[in-house]
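Novice: Sequence and computational prediction follow.
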Amino acid sequence: MLYNELGKSGLKVSRLGFGAMRLPTINSNADIDEIEASKMLEYGIENGINLIDTAYPYHSEGLDGNGNSEKFIGKFLKENSYRDEIILSTKSPSWLMEEKTDFEHYLNIQLEKLQTDYIDVYMLHSLTVPDWYKVKDLDVFDFLDDCLASGKVKHVGFSSHIEVDYLIEILDEYPKWEVVLTQMNYLDEYYQSGVMGLDYLKQVNVGSMIMEPLRGGRLVQNIPKEVQELWNMSEVKRTPVEWALQYLWNRDDVDCVLSGMTSLEQVKENIKIASSEDIISDYDQEIIREVARTYRSFLGNRCTRCGYCMPCPHGVDIINCLTEYNIAHMMNDPKASAMQYFSLIDDDARADSCVDCKECLPFCTQMLNIPEELQKVYEYFGSEFDHF
């Protein structure tokens, strides 16, 4: 495993971090398969991963829920005596804050769930512009100062899916930020804060952590023919996962890449890649740019399958509806995708069941107008009768 300095924090982090949002489950997203997840974490730690990232709502039935990811991580670290070996990162549910005392309230809940008396990296979770102004009005800086002074938190930061101007504004308002988690992959260089945000983080020596390196798996599944032809032209042959991860690790402004791994096989594969000093040539960098241009030419929407929009109060399977729509566009094969769409998604969970209630809109990290996107899905696939 290779390691990087996490900005000015002084922490030495494995360049592959374990994201605990997509742990394997049994019956529902909230029901973690603890036996399999434990095997994955144990293998990861024993083979060099030293940062685990979780959050208050991960593995719950809804974004406001008290998720099971933190509970499982806390139990695992305690039972296996790994706590002192791990940089533990979690996030404050910013959207739930209504008064100043809420910050401390949720922090104490999280400390209890994690079975620890301190958190190494504590971030304000998924800051939107409205949430940022709200928590600032609630004196969040006083809370962060108190966290650091008390020792309950060692380093503070935030995660966000915002544009670079707002990222810089937030960074400039509080000198004690040490870590920022942003979305980045070779498709997103100029999306949200993108490369300009990473460049500014490096300038101010704030540690950079990356989410969505595979863009919700879309960069490694159902590879279009046009993309594969480009990969075949490269000087060094790599798997889609290698291309996506090594692209990030070849950047000098990326400290740690979080991967939301769901199987032991994925853990093993990613650790193998993370342990390789693979330098991408200028020629192969141009191949990556061509691949990105090709993908952008036929993506249907920017959904990353993060799941924050679920569950829909009216039962729409938002994630899979948008996924099948995207795959249809990427593969240029609507008929094959329609078979998946109508076979795998129940009648009352398809896009035409959306009633435009808009309850999902505040939770979309990609700022999608989900009802509009679902209407596009319905119009694109039509009815089941059209295909069978």
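Specialist: Looks like it arrived, so ask away. The shown structure was predicted, so the numbers you read here are calculated from the model rather than taken from an experiment.
Novice: buried set for the helix or strand of the chain with the lowest mean pLDDT?
Specialist: Within the chain, no helix or strand scores below helix 334-344, which has a mean of 74 by mean pLDDT, DSSP states H and E. Across helix 334-344, burial judged by 16 or more other CB atoms under 10 Å covers 334, 337-338, 341-342. Every C-beta, even on glycine, is put in place using the N, C-alpha and C of the backbone.
Novice: What is the distance between it and the centre of its chain?
Specialist: 27 Å (CA atoms, centre = their mean, to the nearest Å).
Novice: again, but for stretch 163-176
Specialist: Computed by CA atoms, centre = their mean, the separation of stretch 163-176 from the middle of its chain amounts to 20 Å.
Novice: wait, residue 86 sits on residue 53?
Specialist: No. Judged on CB atoms under 8 Å, residue 86 makes no contact with residue 53 at a distance of 10.5 Å.
Novice: Could you identify the helix or strand that succeeds the least confident helix or strand of the chain?
Specialist: Sequence order places helix 370-381 as the next helix or strand after helix 334-344, per DSSP states H and E.
Novice: Please name every helix or strand in contact with that next one.
Specialist: helix 318-331, helix 334-344 (3 or more CB pairs under 8 Å, 6 or more residues apart in numbering; DSSP states H and E).
Novice: just checking, what packs against the last one?
Specialist: This points to helix 334-344. helix 318-331, helix 370-381.
Novice: can you state the direction angle for the longest one and helix 370-381?
Specialist: Put plainly, it is helix 318-331. In terms of direction (axes from the mean of the first three to the mean of the last three CA atoms, to 10 degrees), helix 318-331 departs from helix 370-381 by 50 degrees.
Novice: In JSON lines, list the helices and strands packed on helix 370-381 along with distance to residue 284.
Specialist: Shown next, in JSON lines, are the helices and strands packed on helix 370-381 (distance: least, CB to CB, whole Å):
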{"stretch": "helix 318-331", "distance to residue 284": "22"}
{"stretch": "helix 334-344", "distance to residue 284": "30"}
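Novice: Show me what counts as buried in stretch 39-50.
Specialist: Buried residues in stretch 39-50 (16+ other CB under 10 Å): 40-41, 44-45, 47, 49-50.
Novice: Is it correct that residue 74 is in contact with residue 117?
Specialist: No. The criterion here is CB under 8 Å, and residue 74 misses it with residue 117 at 11.4 Å.
Novice: Of these two, give the one with the bigger neighbour count.
Specialist: Neighbour totals were compared for residue 74 and residue 117, and residue 74 leads with 21 against 11 (other CB atoms under 10 Å).
Novice: for that one, what are its contacts?
Specialist: Residues in contact with residue 74, defined by CB atoms under 8 Å, 6 or more residues apart in numbering, are 113-116.
Novice: Between these, which sits nearest residue 311?
Specialist: Nearest to residue 311 out of the contacts of residue 74 is residue 113 (CB to CB; 21.7 Å).
Novice: Leaving out sequence neighbours, find the closest residue to the closest one.
Specialist: residue 70 (4.1 Å; CB to CB, 6 or more residues apart in numbering).
Novice: I'd assumed residue 115 was in contact with the one you found.
Specialist: No. Residue 70 is beyond contact range of residue 115, at 9.4 Å (criterion: CB under 8 Å).
Novice: low-scoring pLDDT stretches of the stretch 251-388 of the chain, where are they?
Specialist: 330-333, 336, 344, 383-388 (pLDDT under 70).
Novice: Run through the residues that contact residue 88.
Specialist: Shown in contact with residue 88 (CB under 8 Å, 6+ apart): 52, 73, 77, 114, 116, 119-121.
Novice: hmm, which two among the residues you listed are most spread apart?
Specialist: Within these, two members stand farthest from each other by CB to CB: 77 and 121, at 14.6 Å.
Novice: The two - which one has more neighbours?
Specialist: Set side by side, residue 77 and residue 121 show more neighbours around residue 121, with 26 against 21, by other CB under 10 Å.
Novice: So what are the sheet partners of the one helix or strand that one maps to and their directions?
Specialist: Residue 121 is located in strand 119-127, with elements delineated by DSSP H and E. Strand 119-127 has the following sheet partners, assigned by DSSP bridges: strand 87-92 (parallel), strand 153-160 (parallel).
Novice: Alright, calling it a day.
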